[in-house]
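**Q** Structure, please.
(4 chains)
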2 protein chains.
Amino acid sequence: MKDSGKRVQSKRKIILDAAVQVFSTKGYHNTRMEEIATVAGIGKGTIYEYFDSKLQLFQAMMESSLQIYYNRIDMPKLETLTLEERLSVLFESHITFCRENKDLTRIVFWDTEIWDEDLKDWTYNLRNEKEEKLTGIIQDSIERGEIRNVDAKLLTLLIIGSLGSLWVPITLDDWDISPADMAAQLTDIIMKGIRK
Amino acid sequence: MKDSGKRVQSKRKIILDAAVQVFSTKGYHNTRMEEIATVAGIGKGTIYEYFDSKLQLFQAMMESSLQIYYNRIDMPKLETLTLEERLSVLFESHITFCRENKDLTRIVFWDTEIWDEDLKDWTYNLRNEKEEKLTGIIQDSIERGEIRNVDAKLLTLLIIGSLGSLWVPITLDDWDISPADMAAQLTDIIMKGIRK
DNA sequence: ATAAACTGACCGACCGGTTGGTCGGGTTAT
DNA sequence: ATAACCCGACCAACCGGTCGGTCAGTTTAT
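**A** Have a look, this model is predicted:
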């Protein structure tokens, strides 16, 4: 495997870019080395001049992608900044990054396989239905004057998103906080954040 | 494919349970039908008496898993409940569900493949590092008296989680709200939620 | 009562399609 | 000239799905 020299680096880059494109739309297992080669405009064998194996190519791609993402959303280290300023920078850089790197974003946040179209639709509809219901409930609360005027869809994503990240520590069981307390604190933060 | 009768249903259940176990630890493509059969304590051929194919078995498992999850976290429909009460129920039922169904949770929220151990560790450490940094910043803010006393780790998950769910509408580009506005609203909600 | 016939759930050795990776020979650049 | 680079036909391993055979349990015939 070659790994240094200007020419070599540029060819590696071409292959990595093609890999991002194909892996991100087809998932790891449904991607054929042949296809990456075609997209890169080279022969299959050439890939093996620059990367040892399919897995190693995938890992190299993930590493560079994640490195780019995490460098980008790195929060300013300046001690003088308030938490509010830092959060604002975090959200904005994340959102901008996602807009500018759609393929890459799809891998970083959705490394799943693309199963069958039917299952995809079924899953998507089920989740959408729930999200829309929550958005509706929020919208009602705004109209009834229970909470202040916020973007209901955005708030829905904030809530649904937090559910998605909670499962890791929950299933690991290495947290002293009780489910009831967790729920109470989260509800409290969000309610204080949106109450009139 | 058999599909009715008490005996048939119980055997289907045995196979589905084994499928949850194996698929959730190995991912779809790394799971061998042979292994599901072994875990279920039956022969490989028998699975094909109850399910048409590997994909169909996976889909049946996902459908039943997601159905169980979504039924469980369904928000109370009672009109009399406030948003606060509903959110509280949502969080608590989600957390309890995750605790009680760890294998199943892993599939629903992390349907990814299990790549190589090295990449897993690398990714995990990178994310952890960022999370810990954010938790540290939050902890500092609490100690400096900038915000009220909340569980820093819980707040970190709330924030990181919301990032994870934002990418879908962002990359779809079908939202009239600007990145700056999105970031501002999210920051505003969270800051109002945690300010003293 | 019981032997014979029948049923279908169950099994696992085997088949064949798929695809990651190789390698011998061709092409390009200097 | 020759070294570096590139290629794609080919190989071999892997694994989803098949199918002929087994056997436990049930019904039928005597």
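
**Q** where does chain A have low pLDDT?
**A** A:1-9, A:75-79, A:110-120 (pLDDT under 70).

**Q** tell me the centre residue of it?
**A** In chain A, the C-alpha nearest the mean C-alpha coordinate belongs to A:F109, at 2.5 Å (CA atoms, centre = their mean).

**Q** quick one: that residue and B:I160 touch, right?
**A** No: taking contacts as CB atoms under 8 Å, A:F109 lies outside contact range of B:I160: 11.3 Å. Heads up, the C-betas are built off the backbone N, CA and C, glycines and all.

**Q** Enumerate the residues of chain A near DNA strand C.
**A** Contact residues (CB under 7 Å from any atom of the strand) of chain A with DNA strand C: A:T31, A:R32, A:M33, A:E34, A:K44, A:G45, A:Y48, A:S53, A:K54, A:L55.

**Q** Could you single out the nearest of these to A:G145?
**A** A:T31 (52.0 Å; CB to CB).

**Q** quick one: A:P169 from A:V22, how far?
**A** 34 Å (CB to CB, to the nearest Å).

**Q** In chain A, where's the longest helix?
**A** Using DSSP state H to define each element, chain A has its longest helix at helix A:117-143.

**Q** Show me which positions of that helix end up buried.
**A** Buried positions in helix A:117-143, judged by neighbour count with 16 or more other CB atoms under 10 Å in any protein chain shown: A:L119, A:W122, A:T123, A:K130, A:E131, A:L134, A:T135, A:I137, A:I138, A:S141, A:I142.

**Q** next one: stretch A:181-189
**A** Buried, per 16+ other CB under 10 Å, within stretch A:181-189: A:M182, A:A183, A:Q185, A:L186, A:T187, A:D188, A:I189.

**Q** And the contacts of that stretch?
**A** A:162, A:166, A:177, B:84, B:87-88, B:91-92, B:95, B:150-151, B:154-155, B:158, B:190, B:193-194 (CB atoms under 8 Å, 6 or more residues apart in numbering or on different chains).

**Q** just stretch A:137-157 next, same as before
**A** Applying CB under 8 Å, 6+ apart, the set of residues contacting stretch A:137-157 is A:131, A:134-136, A:190-191, A:194-196, B:75, B:82-83, B:86, B:162, B:165-166, B:169, B:175, B:177, B:182, B:185-186, B:189.

**Q** and A:R195, what are its phi and psi?
**A** Here is the backbone geometry of A:R195 (degrees, to the nearest 10): phi -70, psi 150.

**Q** More neighbours: A:P169 and A:V22, which one.
**A** A:V22 (22 against 16; other CB atoms under 10 Å in any protein chain shown).

**Q** quick check, the more buried one in a helix?
**A** Yes: assessed by DSSP: H, G, I helix; E, B strand; the rest coil, A:V22 belongs to a helix.

**Q** mind checking how far it is from A:I42?
**A** 13 Å.

**Q** now do A:S24
**A** Counting by CB to CB, the gap from A:S24 to A:I42 is 19 Å.

**Q** With A:M33 instead?
**A** 11 Å.

**Q** next one: A:V108
**A** Taking CB to CB, one finds A:V108 at 26 Å from A:I42.

**Q** what's the helix or strand for the residue in chain A that DNA strand D sits nearest to?
**A** When scored by CB to the nearest atom of the strand, chain A has A:G45 as its residue closest to DNA strand D, at 1.6 Å. Under the criterion of DSSP states H and E, A:G45 resides in helix A:44-50.

**Q** Next, see if the strand or helix carrying A:L90 gets close to chain B.
**A** Assigned by DSSP H and E, A:L90 belongs to helix A:83-100. Yes: using CB under 8 Å from any CB of the partner chain, we find that helix A:83-100 touches chain B at A:83-84, A:86-88, A:90-92, A:94-96, A:98-99.

**Q** neighbours around A:A40, how many?
**A** With other CB under 10 Å as criterion, A:A40 counts 21.

**Q** check contacts around the closest residue in space to it that isn't next to it in sequence.
**A** Nearest in space to A:A40, with sequence neighbours left out and distances taken as CB to CB, 6 or more residues apart in numbering or on different chains, is A:A18 at 3.7 Å. A:A18 sits next to A:I36, A:A37, A:V39, A:A40 when contact means CB under 8 Å, 6+ apart.
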